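Structure for this input, please:
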Amino acid sequence: MTTVNATYDFTNRAIVITGGAGDIGKAVAHRFAASCANVVLTDIDEAKLAAVVADLRAYRTGIEAYTCDVTDSSQVEAMVAAAIARFGRIDYLFNNAGYQGLFVKTPDYPEDDFRKVIDINVVGVFNVLKAVSRHMREAGGGVIVNTASYAGIIGPANMLAYGASKFAVIGITKTAAKDLAPYHIRVNAISPSLIGPGFMWTRQTELQAAADSQYFDRDPKVVEKHMIASVPLRRLGSLEEVANGVAFLLSDEASYITGMNLEITGGQ
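Now for the predicted structure:
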């Protein structure tokens, strides 16, 4: 069981977390469960999702999970309806499901993977945002945080699809914040950079090393060292630090913040 220090009061409020079986999704789920929130986790990986739920239920009973492919709007609508039926309303959305894609130079990037990245990271974000915001509009308000990435700010080498998708998420966030403000719905994004340790960090260093570009060494350990050296704070960010950023943006303490992209980058 993960030990988490709770700061903000989310008692008995309901949050939907997509990509709930991934590293960041799990960290945010633990953060909100520790704050006595009702947590609805969704992911496409049923087995991994079940393991996360079992861990959360060790200290919080208000936990539900639904297997959901965010690229399928009918599945998303069914998940949202089930969450509302269980907890009465959705107060918060952490719109986090994503796919990193391949690490390949632009001329060689395969079309099928490009479409997959855009379908999950852009269309999927749109599907969930639309379904949940329609409920929040009827309920009188709510708060949404979308997961973007520092890749959507800098345009990373060898990550054409992922970078493009996260630029899009930031744009979606800024536009949706304007559209939804009249309904008392705040919409922000987070853009983490080098976060670890964990699967995503290890995969990133290994695949950048294998991409055979002028920007990275061929040795993943050297890539890791150089990446960390590019961070002014000279370390990786932790999953808990990402979760804390999400919790702040969703909390009442951030009540005058909307349309913002919070860079969680250690100063990059």
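
so where do the helices sit in the protein?
Taking DSSP state H as the test, the helices found in the chain are 23-34, 46-56, 73-87, 111-118, 124-139, 151-154, 160-180, 199-210, 220-229, 239-250.

Next, the buried residues of the fourth one.
Of the residues in helix 111-118, those buried under the neighbour-count criterion (16 or more other Cβ atoms under 10 Å) are 113-114, 116-118. Yep, even glycine has a C-beta here, placed from its N, CA and C like the rest.

How about the third one?
By neighbour count on 16+ other Cβ under 10 Å, the buried set for helix 73-87 is 73, 75-77, 79-80, 83-84, 87.

tell me the centre residue of the protein?
Asn96 (2.7 Å; Cα atoms, centre = their mean).

Go ahead and confirm it touches Lys26.
No: assessed by Cβ atoms under 8 Å, Asn96 is found out of contact with Lys26, at 10.2 Å.

Now for these two: what residues contact both?
Counting by Cβ atoms under 8 Å, 6 or more residues apart in numbering, the common neighbours of Asn96 and Lys26 are Gly20.

residue contacts, the closest residue to Leu236 other than its chain neighbours?
In this structure, Leu236 finds its nearest non-sequential neighbour in Gly196, 4.4 Å apart by Cβ to Cβ, 6 or more residues apart in numbering. When contacts are counted by Cβ under 8 Å, 6+ apart, Gly196 touches 202, 236-237.

For Ile185, see how far away Gly196 is.
Distance from Gly196 to Ile185, counting by Cβ to Cβ, to the nearest Å: 32 Å.

what about Trp60, neighbour count?
Not quite, residue 60 is Arg, not Trp. 17 (other Cβ atoms under 10 Å).

and if you look at Val246?
Neighbour number of Val246 under other Cβ under 10 Å is 26.

Quick check, pLDDT for it.
We have a pLDDT of 98 for Val246.

Could you pull up the residues touching it?
Val246 neighbours (Cβ under 8 Å, 6+ apart): 28, 31, 94, 145, 190.

For the last one, give its distance to Ala21.
To Ala21, Ile190 is 18 Å away according to Cβ to Cβ.
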